[in-house]
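Engineer: Sequence below, structure please.
(one chain, ligands or ions: 1)
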Amino acid sequence: MNRAISYGRQTIDEEDVKAVVRALTSEKITQGPLVEEFEDALTRQTGARYAIVCANGTAALHLACLAAGIGKGDGVVTSPITFLASSNAALYTGATPVFADIDPVTFNIDPAEVEKKLSFNSNVKALIPVHFAGLPCAMERISGIASRKGLTVIEDACHALGAEWKASDGKWRKVGACTHSDMTVFSFHPVKSITTAEGGAVTTNDERLYERLKTLRSHGVTRKKSELVNGDDSPWYYEMQELGFNYRLSDIQSALGTSQLKKLDGFIRRRNEIALLYSASLSKYPFIKTPQALSGVKSAHHLYPLTVEFGEIGVSRKELFMLMRNIGINLQVHYIPVHLQPYYRKVFGYRPGDFPKAEAFYSKEVSLPIYPLLTDEEAGAVTAAIVSALACASARRRPDREDGRACL
Ligand SMILES: *Cc1c(COP(=O)(O)O)cnc(C)c1O
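Structural biologist: Next up, the predicted model:
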């Protein structure tokens, strides 16, 4: 193998390069026409009425929380198996994250656990389900809970642009269409479905939320004559009526985003092929569990989360990591449960054991490399190396066997 294999990476082609160069040499390079063009393309892709693009997925989550009116004294329910940003966004607004444990089959937040949390947290104002690894959450159940309790639903779909799920009416829904949520958040970091280097977006069908998201993205400033408080109609005049941020995305990045979005279907198809290859070669081994193929969901396959019974095999995860790294294959772990981070433990008093299903999952998880440019040959090398590393390292544990020494 020539190139080191990482768990994820971008796919950039000649068309992307041309689109960026065209944007870079145009008159406006930050707030020109390409921002709206990318937003329009996102509404066409997802089927949502509105989209706003912004600096990154974290900013998108923060904007969504602010637009929903979340703030001090409010609780926000999310999964402990997610990137820090899902719950940090609630913290930025002064709200308190409330974790609900995962479903051990889908690794997504368990609606039954959400209901349990709601029964003794009366201050909860919003739910942030995370479509972990690109697999859509149980949105009908989640939106049912939310509408009974009057909660806002913000989907963290940073893994799931291009994913779909089948509703009980038999129709497929695209993640981002917001048919069962108020807003959906995406990230365009290089490891995600499509990239703008740094970038993010929020989709919604609610015009009022859309207007708030746009204002908050740009310093909280409005120039709309109908909204001005002081009634000044001077051409230079603008008003800041609330505190916003500079969370804008540039035209250069938007040009890349529009170009990337055209290739989304192919990217997801290739991720799907790789996931199938992995499952076909690894599902037969004991002590290894491949992600379950579920009906009624089409995953975007942002991650391929393999779970390994390290205890049973007698090999540590660290050992597996090192053996794989020696041959240029970099694994990852998604995620260290958020509640176990020192900051969360210090501020909220969380302890190991608080979310046993999330913690059990974390102790077994390894993410195999998955991205469109990964070849069949490379994917085959990954599975062969996993199998031989696990077999070899466990053989080495037995003093009667000498063959373990030749691992990899
Ligand atoms: C990547 C990611 C984010 C944050 O996106 P950035 O663009 O890196 O800020 C948020 N939530 C999840 C689940 C993510 O994977």
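
Engineer: Who are the contact partners of whichever residue of the stretch 1-150 of the chain sits closest to the ligand?
Structural biologist: Proximity to the ligand, evaluated over the stretch 1-150 of the chain using Cβ to the nearest ligand atom, is greatest for Gly57 at 2.4 Å. The C-beta positions use only the backbone N, C-alpha and C, and glycine is treated the same way. Gly57 sits next to Ala85, Cys158, Val185, Phe186, Ser187, Phe188, His189, Lys192, Gly199, Gly200 when contact means Cβ atoms under 8 Å, 6 or more residues apart in numbering.

Engineer: at 10 Å instead, please
Structural biologist: Residues in contact with Gly57 (Cβ atoms under 10 Å, 6 or more residues apart in numbering) are 83, 85-86, 89, 156-159, 185-189, 192, 198-202.

Engineer: gap between stretch 16-27 and the chain center?
Structural biologist: For stretch 16-27, the separation from the chain centroid amounts to 28 Å (computed by Cα atoms, centre = their mean, to the nearest Å).

Engineer: so Ser122 sits right up against Gly75, yeah?
Structural biologist: Yes - using Cβ atoms under 10 Å as the test, Ser122 is close enough to Gly75 to be in contact (8.5 Å).

Engineer: where does the stretch 201-350 of the chain have low pLDDT?
Structural biologist: Residues of the stretch 201-350 of the chain meeting the criterion pLDDT under 70: none.

Engineer: which residues of it fall in strands?
Structural biologist: Assigned by DSSP state E, counting those that start in this stretch, the strands in the stretch 201-350 of the chain fall at 221-222, 239-240, 288-289, 297-298, 304-308.

Engineer: Please identify which of these is closest to Gly94.
Structural biologist: strand 239-240 (20.0 Å; Cβ to Cβ).

Engineer: And the longest helix belonging to the chain, what does it pack against?
Structural biologist: For the chain, the longest helix by residue count, based on DSSP state H, is helix 376-396. Contact here means 3 or more Cβ pairs under 10 Å, 6 or more residues apart in numbering; DSSP states H and E; on that basis helix 376-396 packs against helix 264-282, strand 288-289, strand 304-308, helix 310-313, helix 317-326, strand 365-368.

Engineer: quick one, helices of the chain?
Structural biologist: 14-24, 33-46, 57-67, 85-92, 111-119, 139-149, 207-217, 251-261, 264-282, 310-313, 317-326, 342-348, 356-364, 376-396.

Engineer: looking at the ones you listed, which is buried most?
Structural biologist: Each of the helices of the chain was scored by mean neighbour count; the highest is helix 57-67, a mean of 28, by mean count of other Cβ atoms under 10 Å.

Engineer: got the CA coordinates for it in CSV?
Structural biologist: Presented in CSV, the C-alpha positions along helix 57-67 are these (Å, rounded to 0.1, in the frame of the first residue of the first chain):
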residue,chain,number,x,y,z
GLY,A,57,-21.4,22.3,11.7
THR,A,58,-20.8,23.5,15.3
ALA,A,59,-21.9,27.1,14.3
ALA,A,60,-24.9,25.6,12.6
LEU,A,61,-25.9,23.8,15.8
HIS,A,62,-25.3,26.9,17.9
LEU,A,63,-27.5,29.0,15.4
ALA,A,64,-30.2,26.4,15.5
CYS,A,65,-30.3,26.4,19.3
LEU,A,66,-30.4,30.2,19.4
ALA,A,67,-33.1,30.4,16.7
